[in-house]
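*Asks:* below are the sequence and a predicted model; questions follow.
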Amino acid sequence: MAQPSNEQAKNPAFQFASLAAYPFKKRMSIRAADLAFFMLINIIGRTVRFEVVGREHLETASQPGRLPIYSFWHDEILLATYYWRRRNIIVMTSQSFDGEYIARFIQRFGYGAARGSSTRGGVGALIDMIRQIRAGHPAAFTIDGPKGPRHVAKMGPVLLAKKTGQPILPFAIAPGRCWTLTRSWDRFWIPKFFTRARLEIAAPIFVAPDADETALEKHRCELQSALDELGERGRLWQARR
């Protein structure tokens, strides 16, 4: 794990949470899964050659005073984790066995984890992400996670954009060659070594601070359409490999 900055060392989001509430076997399993995923992502990621489309949208969303709210599908976690590493991005993780080892391996790549409180769950995590953005950190969502439905956008990024005034930045990553875990709910992608990957970024989505429920749903549909379009272009790119 990289040496944390002074700011990270003071921020609980960048620190491993206590595992005291878990029984011994689960504590060992969390640590094993954390290290296994960290090594897998690091080894594969070092061999992948990225082709990036839409850098201008990232620049728009990263202008002075702006912090992107990165939004993408759960099946793309492996390459997304590697590509966007060491940017102090805060990621929402669930309060569960899976959420804990995910929080740990992303923290090894320089991300922070927003878990919320044990009583408020996702609402608490969203409140924590608002606080982290106001402290100067970008945010990220796997917006069909943690358990689906697959490729159906949830409202989290839209609510966060409304509360903070920051832009949602949809993106998709398509590996040229990969294995697909067909029995997992998200059909998770594991890129093959030395493959190419296409990362495409869509135009940022801005949400007004006074947006009502109708406007929020419109923006959620806009986010869904952007990711659907990116996914289709990614599949066409894969078919040409």
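*Replies:* Now that the structure is in, tell me what you want to look at.

*Asks:* okay, now the unreliable bits of this protein?
*Replies:* Scanning the chain for pLDDT under 70 picks out 1-9, 116-122.

*Asks:* mind redoing it with 50?
*Replies:* Applying pLDDT under 50 to the chain flags residues 1, 117-119.

*Asks:* could I get the full set of strands for it?
*Replies:* 49-53, 69-72, 90-92, 112-114, 139-142, 168-175, 178-180, 189-191, 196-201 (DSSP state E).

*Asks:* these into a markdown table, with extra columns for mean neighbour count and distance to Tyr82?
*Replies:* Placement of C-beta: from N, CA and C, glycine included. Putting the strands of the chain into a markdown table (neighbours: other C-beta atoms under 10 Å; distance: least, C-beta to C-beta, whole Å) gives the following:
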| stretch | mean neighbour count | distance to Tyr82 |
| --- | --- | --- |
| strand 49-53 | 13 | 9 |
| strand 69-72 | 26 | 13 |
| strand 90-92 | 25 | 14 |
| strand 112-114 | 24 | 17 |
| strand 139-142 | 25 | 13 |
| strand 168-175 | 26 | 9 |
| strand 178-180 | 14 | 14 |
| strand 189-191 | 19 | 9 |
| strand 196-201 | 21 | 9 |
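
*Asks:* just want the angle from the helix ranked longest in the chain to strand 168-175.
*Replies:* Assignment by DSSP state H gives helix 213-239 as the longest helix of the chain. Here the directions of helix 213-239 and strand 168-175 differ by 20 degrees (axes from the mean of the first three to the mean of the last three C-alpha atoms, to 10 degrees).

*Asks:* and the strands of the chain as JSON lines, adding distance to Leu19?
*Replies:* Listed next are those as JSON lines, based on distance: least, C-beta to C-beta, whole Å:
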{"stretch": "strand 49-53", "distance to Leu19": "34"}
{"stretch": "strand 69-72", "distance to Leu19": "28"}
{"stretch": "strand 90-92", "distance to Leu19": "19"}
{"stretch": "strand 112-114", "distance to Leu19": "14"}
{"stretch": "strand 139-142", "distance to Leu19": "23"}
{"stretch": "strand 168-175", "distance to Leu19": "31"}
{"stretch": "strand 178-180", "distance to Leu19": "30"}
{"stretch": "strand 189-191", "distance to Leu19": "26"}
{"stretch": "strand 196-201", "distance to Leu19": "33"}
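
*Asks:* out of those strands, flag the one nearest Thr60.
*Replies:* strand 168-175 (8.8 Å; C-beta to C-beta).
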